[in-house]
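Colleague: coords below, sequence missing:
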């Protein structure tokens with residue numbers, strides 16, 4: 001007997017955009033992300049957290065994932081009934097995976113950078129990094145808001 005394959009429920013709202021691997025592209029990712037979330041009537045608290053996460057992941061893609069002539073991709077997927085937002089940023093550098101700087105002291109503690117993923121860890125419910133064929137990576141973060149706020 002042939003049974004139909006179960007269908008996975010797709011998020012109610014999705015947005016994907018290729019952006020140049022420049023500071024301007026990272027800024028545009030943040031602005032576009034906020035615009036999309038507001039147009040989807042996402043809760044303001046979720047939108048504010050997502051803005052910081054998108055800004056950090058896009059900045060990391062530009063700073064650490066840049067390959068000349070290659071763009072990075074921003075993807076947002078929002079499911080209003082569950083209040084779940086998935087943020088994905090894909091870049092072309094699959095050989096360099098993100099790492100969180102922990103407990104630095106001395107000269108390293110005074111560095112201007114290196115703490116962004118600590119911010120992502122604090123704002124997102126979870127995040128991870130997976131390969132993005134053929135040679136890149138995707139950093140994914142999941143943010144949720146309580147159903148009462150959604």
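Modeller: Perfect, I can see it now. These numbers were taken from a predicted model, which means no experiment stands behind them. Numbering: from 1, shown residues only.

Colleague: Could you check how far the longest helix belonging to the chain is from the centre of its chain?
Modeller: Using DSSP state H to assign secondary structure, the helix with the most residues in the chain is helix 44-64. Using Cα atoms, centre = their mean, to the nearest Å, the mean C-alpha position of helix 44-64 is found 6 Å from that of the whole chain.

Colleague: Can you give the contact residues for that helix?
Modeller: 19, 21-23, 25-26, 29-30, 33-34, 37-38, 42, 72, 74, 76, 83, 85, 87, 89-91, 93, 96, 98, 113, 116-117, 119-120, 123-124, 139, 141, 143-145, 149 (Cβ atoms under 8 Å, 6 or more residues apart in numbering). C-beta: built from backbone N, CA, C; applies to glycine.

Colleague: Make a PyMOL selection of the buried ones in these.
Modeller: Command for PyMOL that selects the buried part of these, burial taken from 16 or more other Cβ atoms under 10 Å:
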select buried, resi 19+21+25+26+29+30+33+34+37+42+72+74+76+83+85+87+89+90+91+93+98+116+117+120+123+124+139+141+143+144+145
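
Colleague: What is the neighbour count of residue 68?
Modeller: 6 (other Cβ atoms under 10 Å).

Colleague: so who does it touch?
Modeller: Residue 68 makes contact with no residue, according to Cβ under 8 Å, 6+ apart.

Colleague: any idea how far it is from residue 20?
Modeller: The gap separating residue 68 from residue 20 is 11 Å, by Cβ to Cβ, to the nearest Å.

Colleague: Any buried residues in the longest helix of the chain, and which?
Modeller: For helix 44-64, by 16+ other Cβ under 10 Å, it's 46-47, 49-62.

Colleague: where exactly do the helices run in this protein?
Modeller: For the chain, the helices defined by DSSP H occupy 23-39, 44-64, 116-123.

Colleague: helices or strands up against the last one?
Modeller: Spelled out, it's helix 116-123. Secondary structure elements in contact with helix 116-123, counted by 3 or more Cβ pairs under 8 Å, 6 or more residues apart in numbering; DSSP states H and E, are helix 44-64, strand 126-132.
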